[in-house]
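> Curious how this folds, go ahead:
(2 chains)
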Amino acid sequence: MKSRIFWGIVAPVAAIVTSLLLISGILLLKHTSPVDILKAMIDYGFSPRNIVAELNIASGYYIAGVAAAIGFKMMLFNIGIDGQYRLAVFFAAVVGGLFTLPPVLHVTLIILVGAIVGGLWGSIAGYLKVKRGISEVISNIMLNAIAAGLVAYLLQPTRLGEQAEGSNNLNTPIIAPSGQLPTIPFLGGQIHGFIIFTVFIGLAYWVLLNKSTFGFNLRATGLSFKAARAGGVNAPKMIFVTMALSGAIAGLTGMGTLLSETHSYSISFPSGYALTGLALALLGRNHPVGIAFAAYFWAFLDRSAGVLDLNGVPKEIITIMQGTIVLSIVVAYEIVKRINKQQEQKLVGSASATLKVSATTEGEASA
Amino acid sequence: MSALLNNVMKNKVVRKFASPWRLALLVALVLIVISVVRRITGANDLTSAGLSSATLRFTIPLLMAGLGGLWAERAGVINIGLEGMMIAGTWIGAWFAFLHGPWIGFLAAAIGGALVGLFHGILVVKIGIDQAVSGLAINLLALGAARYLSGVLFIPNGGDISVSPMVQQPGYLTVPGISSWLLSINGKNIIILSDAAGVLAGFVTEISWATIFLLITVPLSTWILWRTRFGLRLRFCGENPIAAESLGVKVYRTRYMALAISGMFASLGGAYLSLVASQVYREGQTAGRGFIGLATVIFGNWRPSGVLAGSVLFGLTDALRVRQPTSIHAALLVIVILGALFVIWSITRGRMKTASITAAAALFIGFIYIKVPIIPNEFVTFFPNLATILVLVLLAQKLKPPAMLAVPYREREEGH
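Predicted coordinates:
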């Protein structure tokens, strides 16, 4: 147990160090001092203004990470987070912009619409996997493209979107104040009120996974589909429900921005949440606290990249760094897994050897 | 062992091939329907030389991505990194074409793509990390690297952070005599004959040499994968790596080679985009074509000819979308009429279930044809994705993916 926690922390740290070394190499090739750049990034990234921005970005990342982690627990690779999030936040914005409701009710409705739309879209891949045996990776890639196309289609001014005069930006109608979530003042900035829900999602994820029958069945099915089935778990149903649940959580990814910042969906909503979510779940080892650290780290990298161009370094170096982290983390886990397996085999080997020895001595004694 | 492989190869499984006559009849039928629809709707672009040459230009990148996916998946590895390998191809192709001309650009893209493919191979085969994670990370790395290198190399050479300097493209071929002859028939507006001439003219007029060379890779892939020892072993690794290893096939080495070839193809598709289709590298040029390539593999039932058919279909919708959106509307009518003919044929064969499903689909498309005068661009854009999901749902039983696709395999270690 002790060694598991040890390796669980060593692997991500090793991955980050590896990527830092690689980036330092690239910087040295450009005759730039990696130490100066790192110092500039830390100074810039930890300024109060940026901490607030990072917390807001990290909150969205965290939800995407939890969505991916639930899938991972079931050995499902939810690469469809992108499509689920986009469709969900779009419809949540549209429904929220339709009418005025009592404040709490309005916000609840918007969040529910997001979760339901995301869940429904996610369950398509779940259905295809359970009923048709189609890999969720393939179906989700296709569904992402379809979701992006549908939203682009519906966002046209003649349909559900509108275009401000003199602007190229398309957006949905602004949500009335009753459907807006207040921000929390922090370090002179404004943190999305939805961050409280984010913490709640993390808690719910932990409770669901570790304290409920559903979570037990989920983990069991993820570990071995056949064994869980033999043990009386309706494994296909678990796959379907997990995919839908993962989609529902992914549907909440953009809620912080929607409810507390923009109050409408526009084409400038960020994309690429699927990859980020999966990376964070891997980096945080599917643990609610681990994902939280990973999400903040990721947001820090995103924000502090802004200072790089001022220092004559293209900020795309951060994208390279993030890609390297993802790769080195999975490589590190794979190596750790193999070391553990070898140790186990050694233990089993020596244990069975002592058993044999004691059995023979007993045999000799009785004779 | 080689004797056994030889035996397997000699006992070729007898398969039903579509006879050339039946194929010719089918092509003629489709042509007649298109010709009639063109007359009725006035969508003259449907059989123009311009459309068929544009279709060819849109098809090649998808085809190369699709073949890249096919080679990897036949060896049992899924390659989500096709998009990143295409990005690598667009960038490497443009940079080396800028330095040394288009052919060196293609050559460099092939080598670079093979290296990226090999990188994917080492990660998933040797180290054994998740195939989808590796692919996604490669997509991210390629994107970051292309942007970073553009900043370093393109900006000092008259380019931009997201655009390369203009590059020269490979030469063109216009078949003398035949091209002008076909174009003159096309101009005379004789039903069916002019249509056929128009379509054919697009294939012999100003066709890039790169197009010709890349098209050859389709029969070449079929030949290597189904008629050579190397191809047999490669497919063996995708169907049953344990048995393959027990017969002495080096599974790891075979998969490395398959992934190097996969990366090479995807990268060549990218280089085609930047060197032939636009003569400049532009960020985002691949626009998800790597993923559509993945779709063509499913669409084509893991066969090179099928991948070609899928790429032509998706390339055609792309070309129609860019050239004349109204002709997509006319194309719906073509589908409805062909669907109706297929229903009649199915009924005569007694396939009532197929007939009823097709009839329902044809009626649905017919309804759209009447109700929606212009098909929205967004729907055309995701048509390949939707079509692939429909194929997966409706024809899952008929698809034959490699049995051990995306299942990790560990070679037995030495000394055990």
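> Tell me how far stretch A:296-309 lies from the chain's centre.
The gap between the average C-alpha position of stretch A:296-309 and the chain average comes to 18 Å, counting by CA atoms, centre = their mean, to the nearest Å.
> mean confidence score for it?
Per-residue pLDDT values over stretch A:296-309 give a mean of 90.
> what sits up against it?
Defining contact as CB atoms under 8 Å, 6 or more residues apart in numbering or on different chains, one finds that stretch A:296-309 is touched by A:16, A:37, A:40-46, A:50, A:53-55, A:57-58, A:61, A:276, A:279-280, A:283, A:314-315, A:317-318, A:321-322. Glycine gets a C-beta too; all of them are placed from N, C-alpha and C.
> which among the residues you listed end up buried?
A:16, A:37, A:40-41, A:44-45, A:50, A:53-55, A:57-58, A:61, A:276, A:279-280, A:283, A:314-315, A:317-318, A:321-322 (16 or more other CB atoms under 10 Å in any protein chain shown).
> got the residue ranges for the strands in chain A?
Assigned by DSSP state E, chain A shows strands spanning A:162-163, A:170-171, A:183-186, A:189-192.
> quick one, which of those is nearest to residue B:360?
Checking those against residue B:360 by CB to CB gives strand A:170-171 as the closest, at 35.1 Å.
> Who are the contact partners of residue B:294?
Counting by CB under 8 Å, 6+ apart, residue B:294 makes contact with A:138, A:141, B:65-66, B:69, B:79-80, B:82.
> For burial, what's the neighbour tally of the residue in the stretch 151-300 of chain A that chain B sits nearest to?
In the stretch 151-300 of chain A, the residue that lies nearest chain B is residue A:153 (3.9 Å; CB to the nearest CB). By the measure other CB atoms under 10 Å in any protein chain shown, the count of residues near residue A:153 is 17.
> same thing with the one 5 residues further on?
Around residue A:158 there are 6 other residues, counting by other CB under 10 Å.
> I'd like the strands of chain A laid out as CSV, including mean pLDDT.
Compiled in CSV, the strands of chain A are given as follows (pLDDT from 0 to 100):
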stretch, mean pLDDT
strand A:162-163, 82
strand A:170-171, 88
strand A:183-186, 87
strand A:189-192, 89
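> could you dump those to a markdown table with mean neighbour count and distance to chain B?
Rendered in a markdown table, the data for those read as follows (neighbours: other CB atoms under 10 Å in any protein chain shown; distance: least, CB to the nearest CB, whole Å):
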| stretch | mean neighbour count | distance to chain B |
| --- | --- | --- |
| strand A:162-163 | 14 | 16 |
| strand A:170-171 | 20 | 12 |
| strand A:183-186 | 14 | 31 |
| strand A:189-192 | 19 | 26 |
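> Can you say which of those is nearest to residue B:178?
Across those, residue B:178 has its closest neighbour in strand A:170-171 (48.3 Å, CB to CB).
> counting contacts, what elements does that closest one pack onto?
With contacts defined as 3 or more CB pairs under 8 Å, 6 or more residues apart in numbering or on different chains; DSSP states H and E, the packing partners of strand A:170-171 are strand A:162-163.
> Show me which of the contacts of residue B:294 is closest to residue B:189.
Of all those, the one with the least separation from residue B:189 (CB to CB) is residue B:66, at 36.1 Å.
> Doesn't that closest one belong to a helix?
Yes - judged by DSSP: H, G, I helix; E, B strand; the rest coil, residue B:66 forms part of a helix.
> quick one on the thing from earlier: just the ones in helices from the buried ones among the contacts of stretch A:296-309, please.
Using DSSP state H, the members of the buried ones among the contacts of stretch A:296-309 that fall within helices are A:16, A:37, A:40-41, A:44-45, A:50, A:53-55, A:57-58, A:61, A:276, A:279-280, A:283, A:317-318, A:321-322.
> Of those, which are in range of chain B?
Counting by CB under 8 Å from any CB of the partner chain, A:317-318, A:322 from these sit close to chain B.
> pLDDT and distance to residue B:161 added to those residues, as CSV?
Converted to CSV, these look like this (pLDDT from 0 to 100; distance: CB to CB, whole Å):
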residue, pLDDT, distance to residue B:161
A:317, 87, 13
A:318, 90, 14
A:322, 91, 19
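> Using CSV, write out every CA atom in stretch B:110-119.
Listed in CSV are the C-alpha atoms of stretch B:110-119, where the atom choice follows Å, rounded to 0.1, in the frame of the first residue of the first chain:
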residue,chain,number,x,y,z
ALA,B,110,7.3,10.5,-46.3
ILE,B,111,10.5,10.1,-44.2
GLY,B,112,9.2,12.4,-41.4
GLY,B,113,5.8,10.7,-41.3
ALA,B,114,7.4,7.3,-41.1
LEU,B,115,9.5,8.4,-38.1
VAL,B,116,6.4,9.8,-36.4
GLY,B,117,4.6,6.5,-37.1
LEU,B,118,7.6,4.6,-35.7
PHE,B,119,7.4,6.8,-32.6
